[in-house]
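Asker: okay, predicted coordinates and the sequence, questions at the end:
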Protein chains: 2
Amino acid sequence: MRDLDCLFTPRSIALIGASPDAGHLGGVVFSNLRAFRGRLYPVNPRHREIGGIVAFPSIRDLPEPVDLSVILRPAAEIPHLLAEHAGRARCAVIVSAGFAETGADALQREVEQLGRELGIRLMGPNCLGVFNPYRRLDTFFLPHDRFRRPRRGNVAVVSQSGALLVCLLEALARAGRGVSRGINYGNAVDIDAPDLFDYLADDPETGVVIAYLESVGDGRRFMAAAAALERRKPLIILKAGKGAGGARAAFSHTGRLAGNYEVFSSILGQFGIREAGTFEELLDATHALSRQRPAPGRRVCIVTNAGGLGVLAADECSRQGLVLSPLPADVQLRLRENLPPFYSVGNPLDLTGQVTDGEYLTALHEIQDSCDGIFVIAHTGVAGITPRLAALLADFRSLSGKPLVVLLGQGGTGAKLARLLERDGIPCYPSPERGVRGLRALLGTGGEP
Amino acid sequence: MRDLDCLFTPRSIALIGASPDAGHLGGVVFSNLRAFRGRLYPVNPRHREIGGIVAFPSIRDLPEPVDLSVILRPAAEIPHLLAEHAGRARCAVIVSAGFAETGADALQREVEQLGRELGIRLMGPNCLGVFNPYRRLDTFFLPHDRFRRPRRGNVAVVSQSGALLVCLLEALARAGRGVSRGINYGNAVDIDAPDLFDYLADDPETGVVIAYLESVGDGRRFMAAAAALERRKPLIILKAGKGAGGARAAFSHTGRLAGNYEVFSSILGQFGIREAGTFEELLDATHALSRQRPAPGRRVCIVTNAGGLGVLAADECSRQGLVLSPLPADVQLRLRENLPPFYSVGNPLDLTGQVTDGEYLTALHEIQDSCDGIFVIAHTGVAGITPRLAALLADFRSLSGKPLVVLLGQGGTGAKLARLLERDGIPCYPSPERGVRGLRALLGTGGEP
């Protein structure tokens, strides 16, 4: 068993502060943990059973030491409770707030020291903890009617802020996308972002890692872990506290200095780690990287049936440092021979509203060697586009192996095409700029312009 | 009757090229125009009736001259058909393509001259024409199953590109928002953006105008009309062809040079005309301006119950040139007196996950004099937020009169709150950056920082 397996894939869980009352946080977490596929031990000295499960007065009374203890008791009780964990738990999530974030620095140091002395790995305090849909593990004190969980997927979401984690997971759930882990690590007396990066680098269920950060503790350790993770799978970081106002706000939120953003950002770039500028950019990049592997190079071809959308996409390519490579003369010649004369041969390649499914394929075959990534724009309000386009694009992509993203209209076959394309690993976007930002994430690994 | 009323609020319409076949464009437009509340005359020499309505061989055979003629016949026939319009139509939408955009410059000049000689105002050629839901006027050759129309509202959408117009209208429809007019003016031999701006400035159903442009014909005339419109109601422009790639693409799409973007953008700024950087920014700004009136000043207060979202919003404020004004000492004092001690008093003001509806109101009353616009972040995963918050915010806003936008979570009461708030004129956004961009559009009219 690896170091943090006790946290993410425990075989047994103690819930300290379990409650039969759904109105209490201890009741919410108990209810969420009932779905857990392992042994669950509610701990509460005032109950002999909770929801039909035998409850225990203390963690010392359990029939076995547990892998994970989840603690929801007032901050002042935590040192005493933690002392009782000696030899009884391999790791603990301290959900309770009321530590350094409210000025109780001494209490937090006491907890930190206790964890080290007892050899118990600690997450928190002041955190939501862990969501692992593959094990139905869910330590979040939010009921399902207030927070809809995403399904299983390959994206691990790491967040210093609990609310941001929830927002990201909600946005992914709403878009029908899945996650491998959701993690909010709070005040980080022990387990911090670098520990999580180390764990996720080896986690076979995680294909992409996204992290929301407000501050970084040990910068050197952070960058080493981030770079090591990035060598294994894509990592995308959204750093808050970029401007002066944001940095001040981040300080008052976490009590840690946000640091010099420009320095941080430049070091990320040196290690080839992707950075999202905004919440939306993070989601757009995540979507692309959860579907396709990144590739080197920055040359993009845009194939469109709507000139205006092609122009906006070309603008965003300029902003994102992508290059619209000119088509070689022989490619242009073949395109003119094989497509109707009024199509506009160039990059963007404008197939006009007269386009048919098959002409997209003709175009893609001709342009594929002239670029590193492809943006297909299919405005579905026109009659020539049918659901067959999905299979054509998916087959083309699996042969060419190049990053390929699609912008679809909402009308006509748009919704059906989106379902088919997403199933076949082709990310779909609702606007030209978002599509380009997705493609940009897939072309992030260098190569000459 | 004003100049372009014949186009937007006609009493009678001739459809040249009407068809009984729903598979032909002339059949699609006929079907869409049947809902029109006025007299409709199908014109087609091969049919004596179409869909139960008497058809006429030529516009010369109609029982009356019409306000509007919609022409869907091959480009080569247009001069001849237009000549027959003498004294029979006040204006015409030439939907047909095959003019300057395909190199047929002489044909286009012939049409332009004919319109001038006959005194008929022309829209197009190569355009979708006009959508006016208040009159059920819809000249678009797209069936409803391929393009869902938005409902009635106060936003006029002007687009040089047909596909972009459809994308914008689809995005508005999907978000449940309404429009007053949808206009794609195509090759603009006569009616161009400035004519439309003049018309919309006086249109009582239009409260906000958004325009997608690739090129501007007469720059001086364009700016004069745009500035005159902006003095009456908000105008937001999305200009394509910003970067080198985009400018090249815009040229090949329209055959007109996109011009020097920096110069264009700087002149817009001098006239106080809002510019959207991307498709999404255009939608975010439109949403805010369709709900609230802009106000001077750039000082923003952020009131949040999720620290991380407040930090991201603060970052976006910095990027958008908005100022997070520090709270005066007496305001801070009163906030500390009236709120629980662990709330973080500052700007952003962090009410934490413990917040209740009433505490938002307490906070807003205290901070309102310290800022020009307010961003309320209500992460709805927490128990203290109920649907009552909507009425509290709406009442506060109607008393304070300040621009106020809201970011809501997806969970819990999020969806219900969004419905209530939107109904009461408070725009809701799904991410911190989009909310700030909406608020920025409402604070666009100057004032000291």
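Answerer: Alright, I've got the coordinates.
Asker: any stretches of the stretch 251-400 of chain A with poor pLDDT?
Answerer: A:251-259 (pLDDT under 70).
Asker: care to break chain A down by domain?
Answerer: A:1-125, A:148-291, A:293-442 (automatic domain parsing).
Asker: and chain B, is the first one touching that?
Answerer: To tie it back to what came earlier, the one meant is domain A:1-125. Yes: using C-beta under 8 Å from any C-beta of the partner chain, we find that domain A:1-125 touches chain B at residue A:102. To be clear about C-beta, it is placed using only N, CA and C from the backbone, and glycine gets the same treatment.
Asker: could you pull out the helices for the stretch 201-350 of chain A?
Answerer: A:219-232, A:244-254, A:261-270, A:279-291, A:307-319, A:329-338 (DSSP state H, counting those that start in this stretch).
Asker: could I get the domains of chain A as CSV with mean neighbour count?
Answerer: CSV is the format used below for the domains of chain A (neighbours: other C-beta atoms under 10 Å in any protein chain shown):
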stretch, mean neighbour count
domain A:1-125, 19
domain A:148-291, 21
domain A:293-442, 21
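Asker: OK, contacts around the residue nearest to residue A:181 when sequence neighbours are not counted?
Answerer: Excluding the flanking residues, the one nearest residue A:181 by C-beta to C-beta, 6 or more residues apart in numbering or on different chains is residue A:156, at 4.3 Å. Taking C-beta atoms under 8 Å, 6 or more residues apart in numbering or on different chains, we find residue A:156 in contact with A:179-183, A:200, A:203, A:206, A:208-210.
Asker: change it to 7 Å
Answerer: A:179-181, A:200, A:206, A:209 (C-beta atoms under 7 Å, 6 or more residues apart in numbering or on different chains).
Asker: so for chain B, which of the helices of the stretch 201-350 of chain A sits nearest?
Answerer: helix A:307-319 (2.4 Å; C-beta to the nearest C-beta).
Asker: near chain B at all, the closest one?
Answerer: Yes: Helix A:307-319 is in contact with chain B by C-beta under 7 Å from any C-beta of the partner chain, via A:307-312, A:314-319.
Asker: is chain B within reach of stretch A:131-142?
Answerer: Yes: Stretch A:131-142 lies within reach of chain B by C-beta under 7 Å from any C-beta, at residue A:142.
Asker: quickly note the distance from the closest residue to residue A:295 other than its chain neighbours to residue B:83.
Answerer: Sequence neighbours aside, residue A:403 is the residue nearest to residue A:295 in space, at 5.5 Å (criterion: C-beta to C-beta, 6+ apart). Look at residue A:403 and residue B:83: by C-beta to C-beta, to the nearest Å, they are 53 Å apart.
Asker: list the contacts for the residue nearest to residue A:19 when sequence neighbours are not counted?
Answerer: Among residues not flanking residue A:19 along the chain, residue A:26 sits closest, at 3.5 Å (C-beta to C-beta, 6+ apart). Taking C-beta under 7 Å, 6+ apart as the contact definition, residue A:26 lies against A:17-19, A:72.
Asker: same question, residue A:92
Answerer: Residue A:92 touches A:69, A:71, A:85, A:120, A:122, counting by C-beta under 7 Å, 6+ apart.
Asker: OK, contacts around the fourth one?
Answerer: Remark: with contacts taken as C-beta under 7 Å, 6+ apart, residue A:120 is in contact with A:85, A:89-92.
Asker: please apply the same query to the last one.
Answerer: Counting by C-beta under 7 Å, 6+ apart, residue A:122 touches A:92, A:94, A:115, A:189-191.
Asker: in TSV: those residues, plus distance to residue B:334, secondary structure and pLDDT.
Answerer: Listed next are the contacts of residue A:122 as TSV, based on distance: C-beta to C-beta, whole Å; DSSP: H, G, I helix; E, B strand; the rest coil; pLDDT from 0 to 100:
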residue	distance to residue B:334	secondary structure	pLDDT
A:92	40	strand	98
A:94	34	strand	98
A:115	40	helix	97
A:189	35	coil	96
A:190	40	coil	97
A:191	40	coil	97
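Asker: tell me the one of these nearest chain B?
Answerer: Out of the contacts of residue A:122, the member with the shortest distance to chain B (by C-beta to the nearest C-beta) is residue A:94, at 16.3 Å.
Asker: help me confirm that the closest one comes into contact with residue A:77.
Answerer: No: checked against C-beta atoms under 7 Å, the pair residue A:94 and residue A:77 is beyond contact range at 10.8 Å.
Asker: partners of the nearest residue to residue A:139 once chain neighbours are set aside in the sheet?
Answerer: The shortest distance from residue A:139 to any non-neighbouring residue, by C-beta to C-beta, 6+ apart, is to residue A:129 (3.4 Å). Counting by DSSP bridges, residue A:129 is bridged to residue A:184.
Asker: hang on, the earlier thing: what's the mean pLDDT across the host helix or strand of the residue nearest to residue A:19?
Answerer: Residue A:26 is part of helix A:25-33, with elements assigned from DSSP states H and E. Averaging pLDDT along helix A:25-33 gives 96.
Asker: again, but for stretch A:441-449
Answerer: Average pLDDT, stretch A:441-449: 61.
Asker: between the two ends of stretch A:47-64, how far is it?
Answerer: One end of stretch A:47-64 sits 19 Å from the other (C-alpha to C-alpha, to the nearest Å).
Asker: and the residue of the stretch 1-150 of chain A closest to chain B?
Answerer: Counting by C-beta to the nearest C-beta, the stretch 1-150 of chain A gets nearest to chain B through residue A:146 (3.8 Å).
Asker: now the domains of chain A in TSV, with distance to residue B:221?
Answerer: Conversion of these to TSV gives the following (distance: least, C-beta to C-beta, whole Å):
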stretch	distance to residue B:221
domain A:1-125	59
domain A:148-291	37
domain A:293-442	22
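Asker: follow-up on the earlier one: what's the closest of the helices of the stretch 201-350 of chain A to residue A:165?
Answerer: Residue A:165 lies closest to helix A:279-291 among the helices of the stretch 201-350 of chain A, at 12.2 Å (C-beta to C-beta).
Asker: how far away from the center of its chain is the closest one?
Answerer: How far helix A:279-291 lies from its chain's middle: 8 Å, per C-alpha atoms, centre = their mean, to the nearest Å.
Asker: torsion angles phi and psi at the residue nearest to residue A:181?
Answerer: phi -100, psi 130 (degrees, to the nearest 10).
Asker: ok, back up a step: relative to chain B, which of the contacts of residue A:156 is nearest.
Answerer: Nearest to chain B among those, with distances taken as C-beta to the nearest C-beta, is residue A:179, at 15.0 Å.
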